[in-house]
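>>> 3D, please:
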Amino acid sequence: QAQLVESGGGLVQAGGSLRLSCTASERAFSKYAMGWFRQAPGKEREFVAGIIWTGTMTSYADFAKGRFTISRDNAKNIVTLQMNSLKPEDTAVYYCASRPWSIVTTTDYDYWGQGTQVTVSS
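Just a heads-up that it's a prediction; the model follows:
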């Protein structure tokens, strides 16, 4: 059964950091590209960052460049999103997702987690 489970969300002050983790079942992880998305109230879900199976290629939304870092541990089926210098506008539910092979910035992913809330206070 394919499953993605996010953790690590919470409340943080502006300028602070959070580290999100996504633990995946083998079916949803092996040879799959992993992506992080977010959705704020009243807004569409948007791409944050992605990483291919080998970890040798990553992609970031413009707002994430220089502040967020995506990485993966293929031995543990975990993908992480390190978020630094957080801003109130980063407040959203963050989702982990996976799809075969390549990163795309649309929501065309096969598997999704349930999401974890990130709230950044000013």
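>>> how about residue 55, what does it touch?
Applying Cβ atoms under 8 Å, 6 or more residues apart in numbering to residue 55 gives the contacts 71, 72, 74. The C-beta positions use only the backbone N, C-alpha and C, and glycine is treated the same way.
>>> Now a PyMOL select for only the buried ones of those residues.
Selection of the buried residues among the contacts of residue 55 in PyMOL, burial being defined by 16 or more other Cβ atoms under 10 Å:
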select buried, resi 72
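>>> Return the residues in contact with the nearest residue to residue 18 once chain neighbours are set aside.
Taking Cβ to Cβ, 6 or more residues apart in numbering as the measure, residue 18 lies nearest to residue 83, with 5.0 Å between them; neighbours along the chain are not counted. Each residue near residue 83 by Cβ under 8 Å, 6+ apart is listed here: 17, 18, 19, 20, 67, 68, 90, 118.
>>> Any chance of TSV for those, columns secondary structure and pLDDT?
As requested, the contacts of residue 83 are arranged in TSV below (DSSP: H, G, I helix; E, B strand; the rest coil; pLDDT from 0 to 100):
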residue	secondary structure	pLDDT
17	coil	98
18	strand	98
19	strand	98
20	strand	98
67	coil	98
68	strand	98
90	helix	98
118	strand	98
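>>> give me phi/psi at the most centrally placed residue in the chain?
Within the chain, one residue has its C-alpha closest to the average C-alpha position: by Cα atoms, centre = their mean, that is residue 36, at 2.4 Å. Torsion angles at residue 36 (phi, psi; degrees, to the nearest 10) stand at phi -110, psi 140.
>>> about what we covered before: nearest to residue 97 among the contacts of residue 55?
Distance ranking of those against residue 97, using Cβ to Cβ, places residue 72 first at 13.1 Å.
>>> After the helix or strand containing the closest one, heading C-terminal, what element do we hit next?
Under the criterion DSSP states H and E, the helix or strand holding residue 72 is strand 68-73. Using DSSP H and E, the helix or strand that follows strand 68-73 towards the C-terminus is strand 78-83.
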